[in-house]
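In: Starting from these lines, generate the structure:
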Amino acid sequence: MESSSSSYAMPRTSLAGRCAVVGLLLASSAGVSSGFTASVFQEQAQLQRTAPSKTEGVEIELPDFEEMFSRIQAISPLAKLAIQGGGTGEGGGFGKIDDVAPEGMKWKKVESNKRKLVHHIDKIDNFQGLGPPMQRFRVSLEGPVHGMEFASFITSTERRLTWDPQIDQVVEVYPINDLDAANIAMGFGKFGDCEKLGVGYTLTQAHPIGISPREQLTLCGIQKFHDGSALIWGTELEDWHNHLFPEGERKTRGRSHLFSVALVPTGENTFDAEYVLQLDFGGNLPHWMTAPLVVDSVKSMFKVMKPYFAEGEGGELDKIMKQEQIDQENLLHGSSILFTP
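Out: Residues are numbered from 1 along each chain as shown. A predicted model of the protein is given here:
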């Protein structure tokens, strides 16, 4: 689903107009069906809006965030609720979503059992004509919302291995240099506060059923909202960004055409999560065979996450959040000293 290793070759930077730009794409630019028709990014360098990464010479192209978050809201009612607000607290979360799908999107129920951890799974086959299904998973968990910690179970090799034995490496390789640039492009809070944005590389090991190693190059972000909600999102980069891959023999390309995870508090210590993903394994594997692998993988992820978020007082997450509060208070205290006459 996401990000690579520390053994990176520096990208080939140069040629005017090319600038080693990283583009964001949420769906294939050709053959997009009704609904997702506008361009999310511009292939022509002179039309691109970019921001520097923390690697000298590498620019990250900023997408049309209006279009991108519109797409995410179309496939994730909980993400829509997080972005628009007003859906937290008791009776909130899934209890307040507008579950009527946009015209042309027909979700099929795969599983539904309120007693299970992943209590509802839907899909849209061959979404946008790209081949694999768009799959949607709904979960209700105990614990506080923390977007960065939730995302770490997807984007950290160490934590990813706790639920995904096929992962080889996943890491952020080109973080944006200044998050203010992303937040300005997003409209100063219109889509929450962007607290992380960057390009990542993922490499998987061979699967026991005969699937060879896969690699991906994605752009991912994390949004934080004033009501405590969070949104983790990402998409695969295009072939013309392949110069950002590490040097070495290329593997079969997998593609996460679009994914998002919306987290909305439903009480002081509970939240709902909606994970939506369209993953193409690449190669000649039939989608009817790979889709169940995604289901099993996502279920495993939430099974591992559940005790971490529910650990409570004295747990690792509790310690992290308390330290963050201390750091924030120290920052505010320092600011007050600076501005006191």
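
In: Now L285: closest residue in space, sequence neighbours ignored.
Out: I211 (6.7 Å; C-beta to C-beta, 6 or more residues apart in numbering). Bear in mind the C-beta positions are built from the backbone N, C-alpha and C, glycine included.

In: Quick check, pLDDT for that neighbour.
Out: Here the pLDDT value assigned to I211 is 88.

In: Please name the residues that touch it.
Out: Contacts for I211 (C-beta atoms under 8 Å, 6 or more residues apart in numbering) come out as F281, G283, L285.

In: Only the buried subset of the residues you listed, as a PyMOL command please.
Out: Applying 16 or more other C-beta atoms under 10 Å to those, the buried members can be selected in PyMOL as follows:
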select buried, resi 281+285
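
In: quick one on the thing from earlier: am I right that the residue nearest to L285 sits in a strand?
Out: No: looking at I211 with DSSP: H, G, I helix; E, B strand; the rest coil, it is coil, so not inside a strand.

In: What's the separation between it and T162?
Out: I211 sits 21 Å away from T162, going by C-beta to C-beta, to the nearest Å.

In: for A79, same thing?
Out: A79 is 25 Å from T162, by C-beta to C-beta.

In: So these two - more neighbours on which side?
Out: Using other C-beta atoms under 10 Å as the criterion, A79 and T162 rank with A79 on top: 27 against 16.

In: show me what contacts that one?
Out: A79 sits next to I72, Q73, L231, S260, A262, E274, V276 when contact means C-beta under 8 Å, 6+ apart.

In: isn't the second one right up against K80?
Out: Yes: Q73 lies in contact with K80 (C-beta atoms under 8 Å); the separation is 3.9 Å.

In: between those two, which one's more packed in?
Out: Q73 (22 against 19).

In: Which of the three states applies to G89?
Out: coil.

In: where exactly do the strands run in the stretch 201-341 of the chain?
Out: Assigned by DSSP state E, counting those that start in this stretch, the strands in the stretch 201-341 of the chain fall at 214-224, 230-236, 252-253, 255-267, 270-280.

In: Next, the buried residues of the helix or strand where F69 lies.
Out: Following DSSP states H and E, one finds F69 within helix 65-75. Across helix 65-75, burial judged by 16+ other C-beta under 10 Å covers F65, E67, M68, F69, S70, R71, I72, Q73, A74, I75.

In: So which elements touch it?
Out: Packing contacts for helix 65-75, counted by 3 or more C-beta pairs under 8 Å, 6 or more residues apart in numbering; DSSP states H and E, involve helix 77-84, strand 230-236, strand 255-267.

In: Most tightly packed of the ones you listed?
Out: Highest mean neighbour count among those (mean count of other C-beta atoms under 10 Å): strand 230-236, with a mean of 26.

In: That strand - which strands sit beside it in the sheet, and in what orientation?
Out: strand 214-224 (antiparallel), strand 255-267 (antiparallel) (DSSP bridges).

In: pLDDT of that strand, averaged?
Out: On average, strand 230-236 scores 93.

In: again, but for stretch 259-269
Out: 97.

In: again, but for stretch 92-101
Out: Stretch 92-101 comes out with an average pLDDT of 95.

In: in it, what counts as buried?
Out: Going by neighbour count (16+ other C-beta under 10 Å), the buried part of stretch 92-101 is G92, G93, F94, K96, I97.

In: separation between the third one and S140?
Out: Pointing back at F94 there. On the measure of C-beta to C-beta, F94 and S140 end up 7 Å apart.

In: quick one: common contacting residues for these two?
Out: By the contact definition C-beta under 8 Å, 6+ apart, F94 and S140 are jointly contacted by D272.

In: so which of the buried residues of stretch 92-101 comes closest to V171?
Out: Proximity of these to V171 (C-beta to C-beta) peaks at G93, which lies at 31.4 Å.

In: show me what contacts the closest one?
Out: L78, L81, G87, S140, V264, P265, T266, F271, D272.

In: dump the residue contacts of F191.
Out: For F191, counting by C-beta under 8 Å, 6+ apart, the contacting residues are F65, F69, I83, Q223, L231.

In: ok, so of those, who is nearest A310?
Out: Looking across the contacts of F191 and measuring by C-beta to C-beta, the closest to A310 is L231, at 21.5 Å.

In: Name whatever forms a beta bridge with the closest one.
Out: With DSSP bridges as the rule, L231 is bridged to Q223, A262.
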